[in-house]
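[1] just to be clear, the model below is a prediction. Sequence and coordinates:
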Amino acid sequence: MVTVDRAGRILLPKDLRGKRKISAGTKLIVVEGSDGRILLRKFDSEELWKRLDQEMRAVDVDAIAKRVRGEIDAKIRKKYPKVFGRH
């Protein structure tokens, strides 16, 4: 069990910090669960980068950008028909 101090800080037990390699300056993500639980997860930018890289390999970013650009152009042409004319 830990206690929250007046500044809202908690002290993680030393054995937990050692086991999880948490030291001064380590970033933690705080998540509130729908059931009221508060979860802390160590933020690892390398792990996040690897996951994003792996997931994005299956995504055709150029096709998405082309589709979005087309949608934006269509909205602009519709909103400003005198400037761009109707095509």
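    Done, it's in.
[2] okay, now the domains of the protein?
    The chain breaks down into these domains under automatic domain parsing: 1-43, 44-87.
[3] hey, least reliable of the ones you listed by pLDDT?
    Of all the domains of the chain, domain 44-87 carries the lowest average pLDDT, namely a mean of 86.
[4] middle-most residue in this protein, spatially?
    Leu48 (9.2 Å; CA atoms, centre = their mean).
[5] and the host helix or strand of that residue, how far out from the chain middle?
    In this structure, Leu48 sits in helix 45-56 according to DSSP states H and E. When C-alpha coordinates are averaged (CA atoms, centre = their mean, to the nearest Å), helix 45-56 and its chain have centres 11 Å apart.
[6] next secondary structure element downstream of it?
    Counting by DSSP H and E, the element after helix 45-56 in chain order, helix or strand, is helix 61-79.
[7] buried stuff in that next one?
    By neighbour count, with 16 or more other CB atoms under 10 Å as the criterion, helix 61-79 contains no buried position. Yep, even glycine has a C-beta here, placed from its N, CA and C like the rest.
[8] export that helix to CSV, keeping only CA atoms.
    Written as CSV, here are the backbone C-alpha positions of helix 61-79 (Å, rounded to 0.1, in the frame of the first residue of the first chain):
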residue,chain,number,x,y,z
VAL,A,61,0.2,5.7,-46.1
ASP,A,62,0.5,7.2,-49.6
ALA,A,63,-2.9,5.8,-50.5
ILE,A,64,-4.4,7.3,-47.4
ALA,A,65,-2.8,10.7,-48.0
LYS,A,66,-4.0,10.7,-51.6
ARG,A,67,-7.6,9.9,-50.5
VAL,A,68,-7.5,12.6,-47.8
ARG,A,69,-6.1,15.2,-50.2
GLY,A,70,-8.9,14.3,-52.7
GLU,A,71,-11.5,14.8,-50.0
ILE,A,72,-10.0,18.1,-48.9
ASP,A,73,-9.8,19.3,-52.5
ALA,A,74,-13.5,18.4,-53.1
LYS,A,75,-14.6,20.3,-50.0
ILE,A,76,-12.6,23.4,-51.0
ARG,A,77,-14.0,23.3,-54.6
LYS,A,78,-17.6,22.9,-53.2
LYS,A,79,-17.1,25.8,-50.7
